[in-house]
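Participant: Predicted structure and sequence below. I'll ask about it afterward.
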There are 2 protein chains.
Amino acid sequence: MRTVKVEIDHAPYDILIGKGALGRIAQIKALLPQPRVAIVTNATVAPLYLSALQSQLEEGGVNVLPIILPDGEQYKTWETLNLIFDALLTARCERKTTLIALGGGVIGDMTGFAAAVYQRGVPFIQIPTTLLAQVDSSVGGKTAINHPLGKNMVGAFYQPKLVLADLAALDTLPKREFSAGMAEVIKYGLIDDLEFFEWLEANIDGLMARDEAALAYAIERSCQNKARIVAADEKETGQRALLNLGHTFGHAIEAGMGYGVWLHGEAVAAGMVMAAHAARIQGALSDSELARIVGLLQKAGLPVVAPDLGADRYLELMAQDKKVDAGRIKFVLIEKLGQSYIGELSDEVVRDALAAGCRAH
Amino acid sequence: MRTVKVEIDHAPYDILIGKGALGRIAQIKALLPQPRVAIVTNATVAPLYLSALQSQLEEGGVNVLPIILPDGEQYKTWETLNLIFDALLTARCERKTTLIALGGGVIGDMTGFAAAVYQRGVPFIQIPTTLLAQVDSSVGGKTAINHPLGKNMVGAFYQPKLVLADLAALDTLPKREFSAGMAEVIKYGLIDDLEFFEWLEANIDGLMARDEAALAYAIERSCQNKARIVAADEKETGQRALLNLGHTFGHAIEAGMGYGVWLHGEAVAAGMVMAAHAARIQGALSDSELARIVGLLQKAGLPVVAPDLGADRYLELMAQDKKVDAGRIKFVLIEKLGQSYIGELSDEVVRDALAAGCRAH
C-alpha cells in the first residue's frame, strides 16, 4: 500500500493507494469521532462495493446510514444534494457523524460539499472508485455542485480526513471512464512534470491494459503532484490554478454540450489540445511537440477534437469561468512541453486556437 | 464611533458602532479587492437605506449590483439563496466581487452563506440594520439557511471583512423587532457578565426609549462579549456553544410554531426563561433571581411564557438540535446568576422546566 501525505497546514491527511484500500476499516475507524457514518454513493457503485464496506464497518461496531443517489453529472445539483440533507436529518445525524463518499468525482464533490455545510461542517472521508476521482477530484478539498449558469459555481474548500484509492475498484470501470481519468493523469505531466509525461509516453500501453504496477505508480505520482500544488495554495489564490489546465476550454465544452454528454475528462482532453494549439500559435510548442501531446491523449482513448460550438459561443461560455478577473479570462497556458503558467490570451489567439482545436487532426 | 475588534486568527476584523456607520464608504472601499459589490437586502430595508448606500458607493467609483429578497424568516431557504446565485451569475460576478449584507439576521445569515459558497468563497461585509443582527448574528461568522427539518441546518463558519452597526438604523426598527434584539443583549449578561446584567436592570427604561448613549454602550458591550467568545472558539468545539443560551428551547419554539410566527429573539427569551426554571428546579437560582430574569425580559417587551406544544413534542424538536451528541441533548445551563455552562439535563428536569416555562407567571 502506497501513502501520499497532503500537507495542508490546518488539516493534513493521507491518501492510501493500492489493491484492497477499500477494506482498510481500521484506518477509517481511527478517524471517527463517533461510531456512526453515512455512506453516500450512487446506483451504479452501490451494487459493486456498498455491501462489503457497510458490513465490514458494522462488524466493527459502526452504525451505517447508506444514501444512494442517482448516477451522473446531470444530478450534481442542489436537488440531489438536498436528498443527502433529508436523509441525514431524518436519521438525526449529528455534527460528529462522518460522511463517506463512495464513488466517482460527482459523488465526491457532492458529498464533500454536503459535509462542508451540513450543520456547518462534519468530518468526511473519500473512497474514490474511478481513476479520475483517485488522481484528481478526491484530493485537495474542492467540493461543489453545478448551477444551470455554470459548472461547480456553488461549493467550498473542505478537506477530507482520509482518501482510500483502491486499485481493485478500477477493474470494473468502463473503458470510457478509465480514459477520462487518464486525461487528468496526463495533465500533471503537462503542468510541470516532463519526466512523468515521458514516462506516460513509454508506458501508455501498459496503463491502458490496466497493469497493476504501472497504474499504482501513475496514481501515486499524480497524487504527489496534486498534493504538492494544493499544500502550497489551498484556496487557489495563485499556483493552484495550474491544476485547471484545459479546464476553461473543457468547462465550456461540458456546458455547451449539456452536462453529462461529454465526460469531464474528455472535455479536459480536448481543452488541453486547445491549450496546446494556443501554445503552438504563440511559438511555445513545436509542431512535433503538439503532435506528442495529441498522440498521447489519443492512445489514452481520449477525444482530441472539440465540438464546433462556434467561437462566439465558446467565448461567452468561458466568460462564466471562476478564474475570470475584472472581465479578463485567466488561462492556464503551456510555456514549453512539461511546464505551464497562468496568463491571458488575446481574442485573436483564442479564436485561432478554437478553430484549430475544433478541426480534425 | 466605537470599534470592537474580533481577533480571529486567520481573519481578524472590526465592528464599527455608531450613528452614521452606514456611511463609512472609505472603510468599505479599502477592503474591496475589485471595485464591484453586490448589496443583498430585502423589500423592507431597501426603501430605507439601499439608495443612499448604493449612490455613495457609485460616487466612489464602485459598481453596485442590488439584490432584493423577500422579507421574513420563512424565506431563509435554499430557494431564496438561489435568487442570490442567479443574480450574481447573470451579472457575471467574479471571485473578487464583495457581497454586502444590508438588513437583519436573515439577510446576514443568507448573504454570509452565499458568500461562503459562491465560487467557493467571496469576500463579504455585514451592515446589520436590526438590534439583533448588530449584537449577535452579524458577528462571529455563523451563516446558514433553514431546512424543513431544522433551523440553520445547512451553513458555514465564514467571517465578514467588516461589520458596520449604524445606530441610526434602529430609529426605524419596529418595537417588536427591537425587543427581539434585547433578548440577545440580556443573554450576554446571563452567560458570564453579571455586571452587564445589573447595568441592564438599571438602564432598561432608557434602552427601551432608545437612548443613544445607552444603546451604543449596550451594543458595544454585547459585541465585546461575543467577540471574546468567538475568538477563543471560532468553530464551536467548546465554549462558543454558551452563546446558544435559550436557543435549544428557542429553536424548538420557532420550529414548532412554524418559522416566522415567533421572532427568533422572542423564542430565545422564552427559552432563557425555561433555562432559568431548570436552574431553579436544580437549586442553582433562587426564586427571586428567577424573578429578576423574568422581570428584565418583560421590561424589554419580551414573551416569558412559551407556547404549550406538549413535552413530547418539545423533546422531539429539541432532539434535532445541532448540539446533540450521541443522542444526548447538550443544553446551555445556568450555574448562577451571571454564569452559564454546557451540560445535560435529566428528562425529568426538562419536563418540569417545560411545564413551568409554559405556565403564566
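Facilitator: Perfect, I can see it now.
Participant: Need phi/psi at the closest residue to residue A:35 other than its chain neighbours.
Facilitator: Closest residue to residue A:35 apart from its sequence neighbours, by C-beta to C-beta, 6 or more residues apart in numbering or on different chains: residue A:62 at 4.8 Å. Just so you know, the C-beta spots here come from the backbone N, C-alpha and C atoms, and that holds for glycine as well. Main-chain torsions, residue A:62, degrees, to the nearest 10: phi -100, psi 130.
Participant: Check the one 5 residues further on too.
Facilitator: Summarising the backbone geometry of residue A:67 under the convention degrees, to the nearest 10, its torsions are phi -130, psi 110.
Participant: in the sheet, who's paired with it?
Facilitator: residue A:40 (DSSP bridges).
Participant: What about it, how many residues nearby?
Facilitator: 24 (other C-beta atoms under 10 Å in any protein chain shown).
Participant: ok, it - contacts?
Facilitator: Under the criterion of C-beta atoms under 8 Å, 6 or more residues apart in numbering or on different chains, the contact list for residue A:67 reads A:38, A:39, A:40, A:41, A:83, A:84, A:87, A:88.
Participant: let's see it at 10 Å
Facilitator: A:38-42, A:46, A:83-88, A:91, A:93, A:99-100, A:102, A:107, A:111, A:114 (C-beta atoms under 10 Å, 6 or more residues apart in numbering or on different chains).
Participant: Equivalent analysis for residue A:300, please.
Facilitator: A:178-183, A:185-186, A:200, A:204, A:207-208, A:265, A:269.
Participant: ok, now residue A:6?
Facilitator: A:12-15, A:139-141, A:159-160, A:163, A:223-224, A:226-228, A:230-231, A:234.
Participant: Okay, and which of the contacts of residue A:67 map to strands?
Facilitator: Taking DSSP state E, the ones among the contacts of residue A:67 that sit in strands are A:38, A:39, A:40, A:41, A:42, A:99, A:100, A:102.
Participant: Leaving out sequence neighbours, find the closest residue to the second one.
Facilitator: Using C-beta to C-beta, 6+ apart and skipping the chain neighbours, the partner closest in space to residue A:39 is residue A:100 (4.7 Å).
Participant: can you tell me the helix or strand for residue A:295?
Facilitator: Using DSSP states H and E, residue A:295 maps to helix A:287-299.
Participant: avg pLDDT for the next helix or strand after that helix?
Facilitator: Using DSSP H and E, the helix or strand that follows helix A:287-299 towards the C-terminus is helix A:311-318. Regarding helix A:311-318, the rounded mean pLDDT is 93.
Participant: Go through helix A:311-318 and flag the buried ones.
Facilitator: By neighbour count on 16 or more other C-beta atoms under 10 Å in any protein chain shown, the buried set for helix A:311-318 is A:311, A:314, A:317, A:318.
Participant: Quick check: which element contains the residue lying closest to residue A:226 once chain neighbours are set aside?
Facilitator: Distances taken as C-beta to C-beta, 6+ apart put residue A:139 closest to residue A:226, at 4.9 Å, once the chain neighbours are dropped. Assigned by DSSP H and E, residue A:139 belongs to no helix or strand.
Participant: I figured residue A:139 hits residue A:220, correct?
Facilitator: No. At 11.5 Å, residue A:139 does not count as touching residue A:220 under the criterion of C-beta atoms under 10 Å.
Participant: Which one of these two is surrounded by more residues?
Facilitator: residue A:139 (29 against 18).
Participant: who touches that one in this structure?
Facilitator: A:4, A:6, A:13, A:15, A:108, A:126, A:128, A:133, A:159-160, A:163, A:165, A:222-227, A:229-230, A:243.
Participant: Which members of those are positioned in strands?
Facilitator: A:4, A:6, A:13, A:15, A:126, A:128, A:163, A:165.
Participant: Helices of chain A, start to end?
Facilitator: Secondary structure of chain A by DSSP state H: the helices cover A:25-31, A:51-59, A:78-90, A:105-117, A:131-132, A:175-192, A:194-208, A:212-232, A:247-257, A:264-281, A:287-299, A:311-318, A:347-357.
Participant: what's the burial count for residue A:164?
Facilitator: Residue A:164, neighbours per other C-beta under 10 Å, totals 30.
Participant: so what's it up against?
Facilitator: Counting by C-beta under 10 Å, 6+ apart, residue A:164 makes contact with A:1, A:14-18, A:20-25, A:27-28, A:53, A:100, A:102, A:125-129, A:134, A:138.
Participant: again, only this time at 8 Å
Facilitator: Contacts of residue A:164 by C-beta under 8 Å, 6+ apart are A:16, A:21, A:22, A:24, A:27, A:28, A:125, A:126, A:127, A:128.
Participant: Please name the nearest non-neighbouring residue to the last one.
Facilitator: Same thing as residue A:128. residue A:138 is the one closest to residue A:128 (C-beta to C-beta, 6+ apart), at 4.0 Å.
Participant: Backbone dihedrals for that neighbour, please?
Facilitator: The phi/psi pair for residue A:138 (degrees, to the nearest 10) is phi -80, psi -10.
Participant: these two touch, right, residue A:347 and residue A:315?
Facilitator: Yes. With contact defined as C-beta atoms under 8 Å, residue A:347 reaches residue A:315; the gap is 7.5 Å.
Participant: can I see the domain layout of chain A?
Facilitator: Chain A resolves into domains spanning A:2-172, A:186-221+A:230-357 when parsed by automatic domain parsing.
Participant: where does residue A:326 land on pLDDT?
Facilitator: pLDDT, residue A:326: 75.
Participant: And it, how close does it get to residue B:59?
Facilitator: Distance of residue A:326 to residue B:59, given as C-beta to C-beta, to the nearest Å: 21 Å.
Participant: Touching, residue A:155 and residue B:117? I think so.
Facilitator: Yes. The pair residue A:155 / residue B:117 is scored as a contact, 6.0 Å apart, by C-beta under 8 Å.
Participant: Return every residue with contacts to both of the two.
Facilitator: residue A:113.
Participant: anything in stretch A:342-360 near chain B?
Facilitator: No. Using C-beta under 8 Å from any C-beta of the partner chain, stretch A:342-360 stays clear of chain B, with a minimum separation of 13.8 Å.
Participant: okay, that stretch in PDB with CA atoms only?
Facilitator: Output of stretch A:342-360 as PDB, limited to C-alpha atoms (Å, rounded to 0.1, in the frame of the first residue of the first chain):
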ATOM      1  CA  ILE A 342      -1.200  31.300 -15.700                       C
ATOM      2  CA  GLY A 343      -1.800  34.200 -18.200                       C
ATOM      3  CA  GLU A 344      -4.100  35.800 -20.700                       C
ATOM      4  CA  LEU A 345      -4.600  35.300 -24.400                       C
ATOM      5  CA  SER A 346      -5.600  37.800 -27.000                       C
ATOM      6  CA  ASP A 347      -9.000  37.300 -28.500                       C
ATOM      7  CA  GLU A 348      -7.300  36.600 -31.800                       C
ATOM      8  CA  VAL A 349      -5.100  33.700 -30.400                       C
ATOM      9  CA  VAL A 350      -8.200  32.300 -28.600                       C
ATOM     10  CA  ARG A 351     -10.200  32.300 -31.900                       C
ATOM     11  CA  ASP A 352      -7.300  30.700 -33.800                       C
ATOM     12  CA  ALA A 353      -6.800  28.100 -31.100                       C
ATOM     13  CA  LEU A 354     -10.600  27.400 -31.100                       C
ATOM     14  CA  ALA A 355     -10.600  27.000 -34.900                       C
ATOM     15  CA  ALA A 356      -7.600  24.600 -34.700                       C
ATOM     16  CA  GLY A 357      -9.000  22.700 -31.700                       C
ATOM     17  CA  CYS A 358     -12.300  22.000 -33.400                       C
ATOM     18  CA  ARG A 359     -10.600  20.700 -36.600                       C
ATOM     19  CA  ALA A 360      -9.700  17.100 -37.100                       C
END
